[in-house]
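> Task: produce atomic coordinates for the following.
(one chain, ligands or ions: 1)
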Amino acid sequence: MKKLIAFDLDGTLAPSKSPLPERISEVLGELLNNFQVCVISGGDFKQFNKQLLSNLKLDDNQLSRLHLMPTCGTKYYTFDKSENNWKKLYSEDIPEEDKRRIKIALLKALDEYGYKEDKTYGELVEDRESQLTLSTLGQDVVDVLGEKGIEMKENWDKDNKKKNNIRNYASNIVTDYEFKVGGLTSIDVTKPGIDKAYGMKKLMEHLELEKKDILFIGDRLMEGGNDYPVKAMGIDSIEISDWHQTAVAVNAIIHMS
Ligand SMILES: [Mg+2]
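Sure thing, here's the model as predicted:
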């Protein structure tokens with residue numbers, strides 16, 4: 001019998017960067033009556049708030065069984081009933097001096113290859129405390145331009161060549177951090193060895209759970225996918241292709257328990 005059901009966020013509980021569908025909100029509520037639930041994602045808490053929390057209708061008991069792990073578990077939030085708010089249990093922040101080195105390396109890479117855009121929207125390097133993220137068109141390009149912004153992102157680097165160049169260049173300057181291609185125009189930088197398996201280990205420590213107590217549901221469990229490390233560490237995992245399938249899987253879990 002599983003004690004905790006863990007979910008990826010983007011592509012699993014909701015369409016990419018979109019709010020949680022009503023149906024998912026319902027089944028998660030039911031699931032939380034009987035199980036601990038964890039949501040783990042590469043995104044920051046801000047993204048959790050926007051996509052997940054603002055679309056959940058849960059009571060205090062359900063909320064107290066929900067565990068949030070933004071930026072792959074380098075941050076951990078639980079619900080504090082007495083304060084009626086989300087509380088950060090820890091955050092493994094990158095030291096300021098290292099952030100500075102990383103930022104310089106990323107911007108130098110843009111300069112070196114001539115990838116610097118004349119017009120950008122919002123910050124180029126976003127500080128997520130435990131992660132830095134370079135967005136070559138700026139963090140806010142979609143917020144400002146909408147559809148046009150999405151189109152610009154899609155067309156910026158279709159074959160990943162630019163992102164690979166930036167990653168390789170910057171990671172040769174700053175060798176003690178890991179540079180990963182993130183989204184269409186982004187590079188994520190973290191301490192080495194941070195992935196969803198890292199987050200699951202942290203969660204197991206905190207809740208004194210074993211691997212066999214957990215079931216993980218994600219949309220990218222194939223080798224190379226960002227959910228794969230969870231499966232590779234030996235946690236039972238279900239791959240779904242979209243949130244509709246997640247709803248079906250959750251329903252099955254509820255009715256088997
Ligand atoms: Mg996903």
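
> Next one: the closest residue to the ion within the stretch 151-257 of the chain from residue 100, what distance?
Going by C-beta to the ion, the ion is nearest to residue 219 of the stretch 151-257 of the chain, at 4.5 Å. Using the backbone N, CA and C atoms, a C-beta is placed for each residue, glycine as well. With distances taken as C-beta to C-beta, to the nearest Å, residue 219 is found 35 Å from residue 100.

> So those two - more neighbours on which side?
Neighbour count, other C-beta atoms under 10 Å: between residue 219 and residue 100, residue 219 has more, with 23 against 11.

> How confident was the prediction at the closest residue to the ion within the chain?
Going by C-beta to the ion, the ion is nearest to residue 11 of the chain, at 3.5 Å. If you check residue 11, the pLDDT there is 91.

> For it, list the residues it contacts.
By C-beta atoms under 8 Å, 6 or more residues apart in numbering, the residues touching residue 11 are 218-220, 242-243.

> Go through these and give me the one with the most neighbours.
residue 218 (27 neighbours).

> interface residues of the stretch 101-250 of the chain facing the ion?
Taking C-beta under 5 Å from the ion as the criterion, the stretch 101-250 of the chain approaches the ion at residues residue 219.

> try it again with 6 Å
Residues of the stretch 101-250 of the chain found near the ion (C-beta under 6 Å from the ion) are 218-220.

> could you redo those as a markdown table and give each row pLDDT and distance to residue 211?
Below are these laid out as a markdown table (pLDDT from 0 to 100; distance: C-beta to C-beta, whole Å):
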| residue | pLDDT | distance to residue 211 |
| --- | --- | --- |
| 218 | 96 | 16 |
| 219 | 94 | 21 |
| 220 | 91 | 20 |
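
> Which of the contacts of residue 11 fall in strands?
residue 218 (DSSP state E).

> Now the two most distant members of the contacts of residue 11.
Spatial extent of those (C-beta to C-beta) is set by the pair 220 and 243 at 13.8 Å.

> low-confidence ranges in the stretch 151-257 of the chain?
For the stretch 151-257 of the chain, no stretch has pLDDT under 70.

> Would you map the strands across it?
Secondary structure of the stretch 151-257 of the chain, counting by DSSP state E, counting those that start in this stretch: strands at 178-181, 186-190, 214-218, 236-239.

> and residue 248, how many neighbours does it have?
12.

> so the longest helix along the chain versus strand 186-190, what angle?
Ranked by residue count under DSSP state H, the longest helix found in the chain is helix 96-113. Angle, helix 96-113 to strand 186-190, by axes from the mean of the first three to the mean of the last three C-alpha atoms, to 10 degrees: 150 degrees.

> can you give me the offset of the next helix or strand after helix 96-113 from its chain's centre?
As assigned by DSSP states H and E, the chain's next helix or strand after helix 96-113 is strand 125-127. Remark: strand 125-127 is offset 15 Å from the chain centroid, using C-alpha atoms, centre = their mean, to the nearest Å.

> For the helix or strand just after strand 125-127, enumerate the helices and strands it packs against.
Using DSSP H and E, the helix or strand that follows strand 125-127 in sequence is strand 132-135. Other elements packing on strand 132-135 under the criterion 3 or more C-beta pairs under 8 Å, 6 or more residues apart in numbering; DSSP states H and E are helix 96-113, strand 125-127, strand 186-190.

> Spell out which strands sit alongside the helix or strand where residue 37 lies in the sheet and which way each one runs.
Residue 37 belongs to strand 36-40 when assigned by DSSP H and E. Partner strands and pairing direction for strand 36-40 (DSSP bridges) are strand 4-8 (parallel), strand 66-69 (parallel).

> I appreciate the help and will end here.
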